[in-house]
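Student: what's the 3D shape of this:
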Amino acid sequence: MSGIYGEGLSGMLLLIAVLGGIIASSLVTALTLRLLGRRGVLDVPNHRSSHQVPTVRGGGIGLAFGTLVALAVAASWIFGSADIALCVAGISFGAIGFADDLTSRISIRARMILQLVAALLVMTLIRSHHSFGVVPLVFAGFLVTVWIISFVNAFNFMDGINGISCAEGIVAGVTFGFIARYEHQYALQAAGFALAAGAIGFAPFNFPKARIFLGDVGSYFVGSWIATMVVIGLQASIPVDAMVAPVMLYVADSGLTLARRVLRHEAWHEAHRQHTYQRLVDRGLSHTQTTGLVFVVVALSSALGSISLFDSLQARLVADVGIAVLTTGYLALPSLIDHFWDDSSSPGHVVSDG
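Tutor: Numbers count the residues shown, from 1 in each chain. Prediction:
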């Protein structure tokens, strides 16, 4: 795999990269908060929002900058094709999101066309240096393109309460980082820890109280970065279980919500409050509690997915069942609350940290 650095990334270099990414993310986020606040780039709450006061959006610029700084330091030996694909994914999708953050006037059709162009470019960069084996290249390219666009939008849909996207970015980044180190895939290792660094630097500005939101620039950047890491990991023959487990909750929550809305003949692309995490907030959980729950479920699922790195088929099957149980339990929790709790936790009882 292109992008492997010699004998591997040293612990000291990785530590410097992560610390640099955290500092860069924090500093740029603080600057972004001031500049966008003066410009009046605000997310004004409405009946579908989980926050109650106008809040600056577009803070994902800081997270993105910190991630790119960390990757540049960690990849200072060789900047390989995998790194190029990740940077193109993050910057191109992030630019689309930032344009919408500033104007709020980009139509759904225009966004989809721009996302398609960006995804095709990323797919081309990945495919030009990696073999998809027996799977026809055209079909594989189609799957990669659809996956990147789908997960970017799923991540954007899930970015609705304080800290939830930072939690996903940190857990996914750290998980992919350690998995890649174990598998000697050092480009992926650098990318994973770089994302975690960017998310850690941004987190204090967004959790538990939100002074600034990621905005579309942040959710598009993180979503495309994670989606591309999944493709790179699968291309490197890392087990599917290990690469999918960290994103399973986001995929399941978005997929189930989308399916429900389509079946009800609702406009799937419009903002709403039907995701599981939103329903939990409506039933009385705070942003902190809901984000903490998501963090725990994603972390446990990621740990179980990592079992697939070893050769025990029985352990792998048990771990996969565990991931399914955790995800199903999370999705069913709002209904369980409705069934067992009193009316004070019924829909409409909203607790907001923002």
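Student: every contact and neighbour count from this point should use C-alpha atoms.
Tutor: OK.
Student: residues touching Asp101, list them.
Tutor: 41, 57-58, 215-217 (Cα atoms under 8 Å, 6 or more residues apart in numbering).
Student: from the residues you listed, which shows the smallest pLDDT?
Tutor: Ranked by pLDDT, the contacts of Asp101 bottom out at Val41 (89).
Student: and that one, what does it touch?
Tutor: For Val41, the contact set (Cα under 8 Å, 6+ apart) comprises 56-58, 101-102.
Student: likewise for Asp159?
Tutor: Contacts of Asp159 (Cα under 8 Å, 6+ apart): 165, 219.
Student: can you tell me how far it is from Tyr220?
Tutor: 10 Å (Cα to Cα, to the nearest Å).
Student: what's around the nearest residue to Thr29 once chain neighbours are set aside, how many residues?
Tutor: Nearest in space to Thr29, with sequence neighbours left out and distances taken as Cα to Cα, 6 or more residues apart in numbering, is Gly62 at 4.2 Å. With neighbours defined by other Cα atoms under 10 Å, the count for Gly62 comes to 30.
Student: isn't Gly62 right up against Ile23?
Tutor: No - with contact defined as Cα atoms under 8 Å, Gly62 does not reach Ile23; the gap is 9.9 Å.
Student: Asp100: neighbouring residues, count only.
Tutor: Using other Cα under 10 Å, Asp100 is surrounded by 18 other residues.
Student: before we move on, back to that, looking at the contacts of Asp101, which are in strands?
Tutor: Judged by DSSP state E, the subset of the contacts of Asp101 located in strands is Arg57.
Student: possible to save the contacts of Val41 as a markdown table with distance to Val122?
Tutor: Shown next, in a markdown table, are the contacts of Val41 (distance: Cα to Cα, whole Å):
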| residue | distance to Val122 |
| --- | --- |
| Val56 | 30 |
| Arg57 | 26 |
| Gly58 | 23 |
| Asp101 | 23 |
| Leu102 | 25 |
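Student: of those residues, closest to Gly305?
Tutor: Closest approach to Gly305 among the contacts of Val41 (Cα to Cα): Gly58, at 32.5 Å.
Student: helix/strand/coil for Lys209?
Tutor: Under the three-state scheme (DSSP: H, G, I helix; E, B strand; the rest coil), Lys209 adopts coil.
Student: surely it and Asn162 touch.
Tutor: Yes - in this structure Lys209 lies within contact range of Asn162 using Cα under 8 Å: 6.9 Å.
Student: higher neighbour count, those two?
Tutor: Neighbour count, other Cα under 10 Å: between Lys209 and Asn162, Asn162 has more, with 29 against 16.
Student: which helices and strands does the helix or strand hosting Gly192 pack with?
Tutor: Secondary-structure assignment from DSSP states H and E places Gly192 in helix 186-202. When contacts are defined as 3 or more Cα pairs under 8 Å, 6 or more residues apart in numbering; DSSP states H and E, helix 186-202 packs onto helix 11-39, helix 60-74, helix 81-103, helix 164-182, helix 215-235.
Student: what packs against the longest one?
Tutor: Translated: helix 11-39. Other helices and strands packing on helix 11-39, by 3+ Cα pairs under 8 Å, 6+ apart, are strand 55-57, helix 60-74, helix 186-202.
Student: pretty sure Ala199 contacts Val171?
Tutor: No - using Cα under 8 Å, Ala199 makes no contact with Val171, being 9.7 Å away.
Student: quick one, which of those two is more surrounded?
Tutor: Ala199 (32 against 26).
Student: circling back: from Gly90, how far out is the residue nearest to Thr29?
Tutor: Distance of Gly62 to Gly90, given as Cα to Cα: 13 Å.
Student: and for Ser224?
Tutor: With distances taken as Cα to Cα, Ser224 is found 6 Å from Gly90.
Student: so between these two, which is more surrounded?
Tutor: Legend: neighbour count by other Cα under 10 Å for Ser224 and Gly90, higher for Ser224 (33 against 27).
Student: so that one sits against Trp147, correct?
Tutor: No - using Cα under 8 Å, Ser224 makes no contact with Trp147, being 9.6 Å away.
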